[in-house]
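Colleague: Predicted model and sequence below, questions to follow.
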Amino acid sequence: MLLKQNTFIFSVIKSVLLTVKKKRNMRIIYILSFFLIMGFRLSAQEKNMIDPALKTPPEIMNQFMDMRFGMFIHWGPVTLRGTEIGWSRGHEVATEDYDNLYKEFNPVLFDASAWVKTAKNAGMKYLIITSKHHDGFCLWPSEYTDYDIMATPFKKDIVGALAKACKKEGIRFGIYFTILDWHDRNYPLHNDGKGISEDGNMEKFRSTIKNQLKELVTKYDPYLIWFDGGWEEPWTDEMGREIYTYLKSLKKDLIINNRLGKEMTGISNKNADYSKMVGDFDTPEQRIGNINMDFPWESCITMGTQWSWKPNDKLKSLKECLQTLVKTASGNGNLLFNIGPMPDGRIEQRQIDCLVQMGAWLKKYGESIYGTRGGPYLPNEAYSSTRKGNKVFVHLFETDKTEIILPALPGVNVQKATLMNGGEVGFKKTDDFYKISLPAVLPDSICNVLVLQINREAIEIPVIENTSIP
Ligand code: H79
């Protein structure tokens with residue numbers, strides 16, 4: 001982007017000078033370009049933007065978006081009570097009790113390799129662990145606090161073990177780190193209902209988290225850092241930009257989400273200004289993001305009803321899980337699917353079973369998810385679509401239909417219509433619609449994939465907003 005801008009400035013000056021005086025010295029062109037480019041850079045700073053040269057480049061973001069499916073893990077001493085991480089402090093669990101849980105946290109059955117293999121078998125390509133949630137407890141040995149895994153009877157570096165196992169299995173490793181910290185007295189806002197505390201010290205607090213982030217980046221070399229809590233009152237966009245810039249100085253291609261700043265669609269799905277986001281991608285929470293072909297996004301969604309483990313929690317059905325993944329990919333986003341391991345260190349078998357089945361589906365239908373882009377059909381109750389090369393993959397959510405009608409794709413010739421893992425299907429184009437006849441027995445009992453092979457690059461087709469059939 002900056003390179004394009006610089007080349008553009010350079011060529012404008014060049015053509016102006018060449019027109020005015022054909023034999024002018026090239027040196028003037030270079031000097032003028034330099035000042036103009038510097039001017040643009042300064043104005044970027046004045047406009048409170050991150051220097052565009054620092055932003056994660058599109059090729060890195062495209063690789064991230066090609067992965068489509070990752071595992072989010074929320075874990076910590078609070079699992080001993082089975083209530084929500086962070087938020088149950090001082091509510092379902094008395095503060096005094098919550099803050100002492102670490103003394104009993106001894107997940108002797110924790111096996112990093114088993115977790116990572118569970119993610120891999122599910123078809124997930126990356127994994128993100130809560131290194132520190134709002135309660136302030138650190139799952140890695142941090143030099144900057146005593147409230148960490150070394151203070152527990154377990155005394156083993158969980159973040160480190162996961163980073164190592166991910167590397168071994170070829171799974172990208174990411175770290176969740178929240179800005180809130182209800183343990184650190186320097187952070188001026190705690191969940192005690194007393195508002196902003198006067199003995200808070202944001203300068204000291206910012207220095208601590210900067211040190212912790214340096215520790216995390218240098219020790220574990222994460223692919224991604226997933227911030228949370230940038231909405232908090234003591235935090236500003238400017239502080240977020242400072243951390244973004246700092247992290248990029250430690251690791252150039254580190255991917256960083258947008259919760260370092262205030263601008264995000266988040267839980268409330270507000271209309272966000274993407275140009276103001278501090279970070280590389282948007283993070284809709286507990287909902288599938290709206291289609292966006294320009295700005296990367298990732299939905300974080302729980303398999304159960306809370307982020308950390310809850311005994312006998314109600315889990316999403318396999319059908320809901322698969323549709324969540326498919327509809328997210330169809331909107332051009334990634335799914336960061338959350339599970340909460342138990343206090344003894346194991347992932348609950350019910351969660352593993354569901355993940356295994358998602359992985360089995362992806363082994364058969366992964367071509368329609370990984371490396372695809374969303375659209376052109378918007379998701380609806382009956383179907384949604386992704387695309388890649390000259391193929392449009394239409395995911396069919398109804399398994400009892402023998403016919404499906406789709407709005408015709410503008411300016412496109414469909415050369416072949418097949419069912420993935422099935423055969424060719426009946427295809428008729430009438431006016432503005434395709435009429436597709438399906439076999440009585442479909443190959444998959446949950447989600448089938450119709451492949452339309454077309455005569456052009458599918459990505460060029462505009463998104464079809466109205467998929468209703470009259
Ligand atoms: O880590 C997960 C959540 O704990 C975290 N983001 C994801 C990834 C998150 N923290 N806060 N929020 C999301 C939004 C705030 C929700 C709240 Fe509430 C509404 C806090 C207080 C009111 C939910 C409802 C928790 C308590 C009541």
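Modeller: Perfect, thanks for sending it. Residues are numbered from 1 along each chain as shown.
Colleague: show me the contacts for the residue of the chain found nearest the ligand.
Modeller: Per Cβ to the nearest ligand atom, residue 87 is where the chain lies closest to the ligand, at 4.0 Å. For the C-beta atoms, the positions are set from N, CA and C on the backbone; glycine is no exception. Residue 87 makes contact with 134, 191, according to Cβ atoms under 8 Å, 6 or more residues apart in numbering.
Colleague: Do me a favour and average the pLDDT over stretch 172-186.
Modeller: For stretch 172-186, mean pLDDT is 98.
Colleague: How about stretch 321-328?
Modeller: Mean predicted confidence for stretch 321-328 is 98.
Colleague: I'd like to check what contacts it. Which residues are they?
Modeller: 68-69, 288-289, 299, 301, 303, 316, 334-335, 337, 354, 358, 361, 369, 379, 384, 395, 397, 446-447.
Colleague: In strands, which of these appear?
Modeller: 69, 299, 301, 334, 335, 337, 384, 395 (DSSP state E).
Colleague: Just put those residues in JSON lines and tack on distance to residue 206, neighbour count and pLDDT.
Modeller: Below are the ones in strands among the contacts of stretch 321-328 laid out as JSON lines (distance: Cβ to Cβ, whole Å; neighbours: other Cβ atoms under 10 Å; pLDDT from 0 to 100):
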{"residue": "69", "distance to residue 206": "34", "neighbour count": "23", "pLDDT": "99"}
{"residue": "299", "distance to residue 206": "29", "neighbour count": "23", "pLDDT": "98"}
{"residue": "301", "distance to residue 206": "31", "neighbour count": "21", "pLDDT": "98"}
{"residue": "334", "distance to residue 206": "29", "neighbour count": "24", "pLDDT": "98"}
{"residue": "335", "distance to residue 206": "32", "neighbour count": "26", "pLDDT": "99"}
{"residue": "337", "distance to residue 206": "32", "neighbour count": "25", "pLDDT": "99"}
{"residue": "384", "distance to residue 206": "43", "neighbour count": "27", "pLDDT": "96"}
{"residue": "395", "distance to residue 206": "45", "neighbour count": "26", "pLDDT": "98"}
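Colleague: Report the separation between the residue most central in space within the chain and residue 328.
Modeller: Residue closest to the average C-alpha location in the chain (Cα atoms, centre = their mean): residue 298, at 3.4 Å. Look at residue 298 and residue 328: by Cβ to Cβ, to the nearest Å, they are 8 Å apart.
Colleague: what is in contact with the two at once?
Modeller: 289, 334, 335.
Colleague: how about the nearest residue to residue 81, chain neighbours excluded?
Modeller: What sits nearest to residue 81 in space, not counting adjacent residues and going by Cβ to Cβ, 6 or more residues apart in numbering, is residue 93, at 5.0 Å.
Colleague: picking that back up, for the residue nearest to the centre of the chain, which residues are in contact?
Modeller: Residue 298 neighbours (Cβ under 8 Å, 6+ apart): 70, 257, 281, 282, 283, 284, 289, 333, 334, 335, 336.
Colleague: who does it bridge with?
Modeller: On the basis of DSSP bridges, residue 298 is bridged to residue 334.
Colleague: Retrieve the pLDDT associated with it.
Modeller: 98.
Colleague: now residue 468
Modeller: So residue 468 comes in at 72 (pLDDT).
Colleague: list the contacts for it?
Modeller: With contact set as Cβ under 8 Å, 6+ apart, residue 468 has these partners: residue 380.
Colleague: again, only this time at 6 Å
Modeller: Residues counted as contacts of residue 468 (Cβ atoms under 6 Å, 6 or more residues apart in numbering): none.
Colleague: which non-adjacent residue is nearest residue 253?
Modeller: Spatial nearest neighbour of residue 253, chain neighbours left out: residue 60 (5.1 Å); criterion: Cβ to Cβ, 6+ apart.
Colleague: Was I right to think residue 396 contacts residue 448?
Modeller: Yes - using Cβ atoms under 6 Å, residue 396 is in contact with residue 448, at 4.5 Å.
Colleague: which residues in the stretch 51-200 of the chain form strands?
Modeller: 69-73, 126-132, 172-178 (DSSP state E, counting those that start in this stretch).
Colleague: Quick one: these as CSV, columns for distance to the ligand too.
Modeller: Output for the strands of the stretch 51-200 of the chain, formatted as CSV (distance: least, Cβ to the nearest ligand atom, whole Å):
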stretch, distance to the ligand
strand 69-73, 7
strand 126-132, 7
strand 172-178, 7
